[in-house]
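*Asks:* everything below, folded, please.
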Amino acid sequence: MRRPVVVLMGLPNVGKSAIFGGLTGTWVTASNYPGTTVEYYRGYLRLPDGETVEIHDAPGIYDLEPASPAEEVALRLLEEADVIVNVVDATQLERNLPLTLQLLATGKPMVLVLNFWDEAKHKGIHVDVWSLERELGVPVVPTVAVSGWGIKSLASALHRARRGERGWLERQERWVRVGEIVGRVQRVVHRHHTLLERLQDASLRPITAVPMAALMLYLAYRVVTGVGEGLSEAVITPALEGPYTSFLLHLHRLLAHHPILAQVLIGELQGGRIALEESLGLLSTGVYVAIGVVLPYLVAFYAVLGFLEDFGYLPRVAVLVDRFLHRLGLHGYAIIPLILASGCNVAGVLAARTLESRRQRFIACTLMAVAIPCASQLAMITGLVGRYGGAYLGLVLASLASVALVVGTVLDRLVPGHTPSMLVEIPPYRWPHWKGQLKKLRMRVSYFLRDALPYIFLGILLVNVMYALGFIHWVADVCGPVLERLLGLPPGAVIAMLVGFVRKDVAVAMLEPLRLSAEQYVVGATVLAVYFPCAATVAMLLRELGFLATLAAAVVMFVAASASGSLLNLLLRILPHPWLAAVAMLAVATFISSSLKRGGRNEGA
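*Replies:* Have a look, this model is predicted:
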């Protein structure tokens, strides 16, 4: 028997996803709509009477005349709906109601949700819920989705969903009707701007927005490094180096008659003891890298990213970087998938589906692969390079920015097509609720533990097998001299390069046993960030872009990694301070980008 389908509809940034999470819980299914690459979420809700309904979170839409593939999918989901839940921003009633009138005209049973009810009160906006119900003819439920207030009332109201009584209105008629409704149900009282409102205005003015962005990045860096180091040094590492190491030694003695199994599980002993970071066993180095090195920084990074997402800062970054991204063949809204890629490149590739053209998707996905380390890799880079000081970590970031500038400019010239202007919704600043933050953090960390750990252990296993077969030594003998001459890295760094095909974060961690200098760490971390992404990202690129486009992106990655690593190695040899090298990298990239822009068209500007 088919379950009733409830579809959440509304403008972008009205809190649909938070409503969806409150109704269905954290664990949901992400699906591609048949025949498209557009993704939507679906989950299930058990109503108070025991009936189970299927809930779909449709992409944000402004009206029923679609202007993008995502909006087309939203309309198809609307056609399948048995009940519509129209989520409305209570602080912008007049702006949201035109879509409401269109949804009422479909004749489907509907419930209206007035979200951000608390924020409306804080802004002096009073909406008479009962009067609004009489005007529209459907149940109206106020909610505060981030805290869960009103979600139970919404679940109970689904059985009271009713069809709207009004027919289709033309655009001018809709606005007249919206004015009538708002005039009868809404009252606004005078109030002074809050501190958050002053900050959100300042974050859009260029003279204040750039310093605010720099401060935000610095604070995020300090929180991630501070929390990551604290968790690693005070909690996880002592536990692994104490009881866990003793357990591994005991297991190694039990496996004395099975040397191959002991090598795979525990690795080689160093002077009769287990060096977790060097043994290369599944249970030694594998566990140490995943739990002792990556996880602490990953937890801190995801906590910071989740706060910035829910606080409403990311769309303002989009406006701030729009002009720069147009130089790369993208517009400012592409910053959203690029930022998501900093959590996981796979998520970034999926988010790039929202970009309008195949050209933009190709450029964005290639830039993610060459210039944006995922959260676990960035955590490793921060931990290994950042311990030598912020100057060296800044050099890595400057190098990645330089690669992005040059590669983006080249692709903007070579890839046919154009980049349209940006239209992005900018929500107000809102303090995230701690429950929602914890849910998001738990989901992302669980994803790492469930989906990333197998790749980490697979990487360690492959290295063990290649080491046993002598393949590592052969590759090191062949490629080691080239690696040392161009990049200034020892031949042993070949191991890290090979592991990078499986997991980039593990590859960065594999630099630790080589006892590199600060300069070598910078070069190694930069090259590992630029060259081919992990296997999961490659699989997603093949799925989203196709074989030929992925092959073209791979060529770009190889050239960019070789050129940037060689230049960085040269600059570190001739310049006395890493900040000078960072300035030189950016200067070279700017010169190349400007020369290319002067020498050819720029359809994206």
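*Asks:* CA only for contacts and neighbour counts going forward, please
*Replies:* Fine.
*Asks:* sec struct for I84, please.
*Replies:* strand (DSSP: H, G, I helix; E, B strand; the rest coil).
*Asks:* dig out what it forms beta bridges with.
*Replies:* Taking DSSP bridges as the rule, I84 bridges to V7, M110.
*Asks:* thought it was touching G10?
*Replies:* No: I84 sits out of contact with G10 when judged by CA atoms under 8 Å, with a separation of 10.0 Å.
*Asks:* state the pLDDT value of P259.
*Replies:* Note for P259: predicted pLDDT of 77.
*Asks:* which parts of the stretch 401-550 of the chain are helices?
*Replies:* 434-447, 453-469, 471-487, 493-499, 504-509, 518-530, 535-545, 547-574 (DSSP state H, counting those that start in this stretch).
*Asks:* out of the ones you listed, which is closest to N345?
*Replies:* helix 535-545 (6.1 Å; CA to CA).
*Asks:* can you give the distance of that closest one from its chain's centre?
*Replies:* 16 Å (CA atoms, centre = their mean, to the nearest Å).
*Asks:* same check, this time on stretch 282-297
*Replies:* 22 Å.
*Asks:* ends of that stretch, how far apart?
*Replies:* Distance between the two ends of stretch 282-297: 21 Å, counting by CA to CA, to the nearest Å.
*Asks:* how about stretch 484-491?
*Replies:* 7 Å.
*Asks:* now that stretch: buried residues?
*Replies:* 486-491 (16 or more other CA atoms under 10 Å).
*Asks:* returning to that earlier point: would TSV of the helices of the stretch 401-550 of the chain with distance to A318 and mean pLDDT be doable?
*Replies:* Below are the helices of the stretch 401-550 of the chain laid out as TSV (distance: least, CA to CA, whole Å; pLDDT from 0 to 100):
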stretch	distance to A318	mean pLDDT
helix 434-447	22	76
helix 453-469	32	67
helix 471-487	35	76
helix 493-499	33	73
helix 504-509	27	71
helix 518-530	23	86
helix 535-545	23	74
helix 547-574	24	89
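*Asks:* ok, C479 - contacts?
*Replies:* Neighbouring residues of C479 by CA atoms under 8 Å, 6 or more residues apart in numbering: 491, 494.
*Asks:* thought G228 was touching Y302?
*Replies:* No: with contact defined as CA under 8 Å, G228 does not count as touching Y302 (11.2 Å).
*Asks:* looking at the two, which is more packed in?
*Replies:* G228 (25 against 22; other CA atoms under 10 Å).
*Asks:* report the buried residues of the helix or strand hosting the more buried one.
*Replies:* G228 belongs to helix 206-231 when assigned by DSSP states H and E. Neighbour-count burial for helix 206-231, counted by 16+ other CA under 10 Å, picks out 209-210, 212-213, 220-221, 223-225, 227-229, 231.
*Asks:* worst-scoring helix or strand of the protein, pLDDT-wise?
*Replies:* The element with the least model confidence among the helices and strands of the chain, by mean pLDDT, DSSP states H and E, is strand 29-32, at a mean of 48.
*Asks:* ok, then the element right after it?
*Replies:* Strand 29-32 is succeeded, C-terminally, by strand 39-46 (DSSP H and E).
*Asks:* for that following strand, name the packing helices and strands.
*Replies:* helix 16-24, strand 29-32, strand 52-57 (3 or more CA pairs under 8 Å, 6 or more residues apart in numbering; DSSP states H and E).
*Asks:* from the chain's centre, how far out does the longest one sit?
*Replies:* Right, helix 16-24. 19 Å.
*Asks:* and that helix with strand 52-57, angle?
*Replies:* Here helix 16-24 runs at an angle of 170 degrees relative to strand 52-57 (axes from the mean of the first three to the mean of the last three CA atoms, to 10 degrees).
*Asks:* which residues are contacting helix 16-24?
*Replies:* 8-10, 43-45, 55, 57, 87, 145-146, 148, 151, 155.
*Asks:* Throw the residues you listed into a markdown table and include neighbour count, thanks.
*Replies:* Output for these, formatted as a markdown table (neighbours: other CA atoms under 10 Å):
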| residue | neighbour count |
| --- | --- |
| L8 | 28 |
| M9 | 28 |
| G10 | 30 |
| G43 | 20 |
| Y44 | 20 |
| L45 | 18 |
| I55 | 25 |
| D57 | 25 |
| V87 | 27 |
| A145 | 25 |
| V146 | 23 |
| G148 | 17 |
| I151 | 21 |
| A155 | 17 |
